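*Asks:* with the sequence up front, the predicted model follows.
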Amino acid sequence: MMQQAGQPARSLDGAQLEKEINEAVRAAMEGARDATQAARTAAQDAARAEAQAQRQPGTIVFPTNGPDPDITVRVDGLGIHVQQGQTSTTVPIRDVVPDGLVKISWAFAAAVGFLCIGWPIARAIARYIDRRGSAAAQESALRQQFESRFENMERNLDTVAVEMEKVSEAQRFTTRVLTERGEPVPVSSHTASR
């Protein structure tokens, strides 16, 4: 063994020297073993950190027990991707939801939209047309009533005019007859005022 500063030199026999050398080698080997284990753990942590950094957002990782690699699940516009180590499987999204179901859902959404929006609008338009039609019918009935009254009034006026013409004709005839006989023609107060 080497002499350290400040320590007196001691003499060692061969067996004791061999024992100290074996202890030093054993300690060095345990230190090397611990350092190797720490290096492996650091390398595994670094590999996981690198794999974590390479994963895209939205990736789900299921850790496994034992030596099997982790299972990753990722979803994008093309499908659902499942990967474990080098094995990868993709399930297309278009196969997950059948086309018939998509068409039915669109038809249902359109029907609900029509019922919520289109039906009240259609009813309002129908009421407007109905009111406009009933207003036109009332206007037409009123017009027919006025035309009927005007026709009655016209007939009555024609009748009155004919009667007045007859009275006038009778008065002229009476006046002529009286004038031919030589009798004086009576003048009524009504005729005199004219």
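*Replies:* Arrived safely.
*Asks:* what's the helix or strand for residue 28?
*Replies:* helix 14-54 (DSSP states H and E).
*Asks:* next secondary structure after that helix?
*Replies:* Later in the chain than helix 14-54, the nearest helix or strand by DSSP H and E is strand 60-62.
*Asks:* how does the chain divide up, domain by domain?
*Replies:* The chain breaks down into these domains under automatic domain parsing: 14-52, 55-96, 97-184.
*Asks:* weakest of those domains in terms of mean pLDDT?
*Replies:* Looking at these, the lowest mean pLDDT belongs to domain 55-96 (a mean of 78).
*Asks:* gap between that one and the chain center?
*Replies:* 33 Å (Cα atoms, centre = their mean, to the nearest Å).
*Asks:* could you redo the domains of the chain as TSV and give each row mean neighbour count?
*Replies:* Every residue, glycine included, has its C-beta placed from N, CA and C. Listed next are the domains of the chain as TSV, based on neighbours: other Cβ atoms under 10 Å:
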stretch	mean neighbour count
domain 14-52	10
domain 55-96	11
domain 97-184	10
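*Asks:* can you classify residue 68 by secondary structure?
*Replies:* Secondary structure for residue 68, judged by DSSP: H, G, I helix; E, B strand; the rest coil, is coil.
*Asks:* I figured it hits residue 86, correct?
*Replies:* No - using Cβ atoms under 8 Å as the test, residue 68 is too far from residue 86 to be in contact (12.0 Å).
*Asks:* ok, and what's touching stretch 180-188?
*Replies:* Residues outside stretch 180-188 that contact it (Cβ atoms under 8 Å, 6 or more residues apart in numbering): 175, 178, 179.
*Asks:* what's the helix holding residue 28 packed up against?
*Replies:* Packing partners of helix 14-54 (3 or more Cβ pairs under 8 Å, 6 or more residues apart in numbering; DSSP states H and E): none among the helices and strands.
*Asks:* which of the contacts of stretch 180-188 sits closest to residue 23?
*Replies:* residue 175 (175.8 Å; Cβ to Cβ).
*Asks:* just how off-centre is the helix ranked longest in the chain within its chain?
*Replies:* Longest helix in the chain, counting residues (DSSP state H): helix 119-181. For helix 119-181, the gap between its own C-alpha mean and the chain's C-alpha mean amounts to 61 Å (Cα atoms, centre = their mean).
*Asks:* let's have the chain start at 15 instead
*Replies:* I'll keep to 15 as the first residue from here, and by that count the last item is helix 133-195.
*Asks:* right, I'll leave it there.
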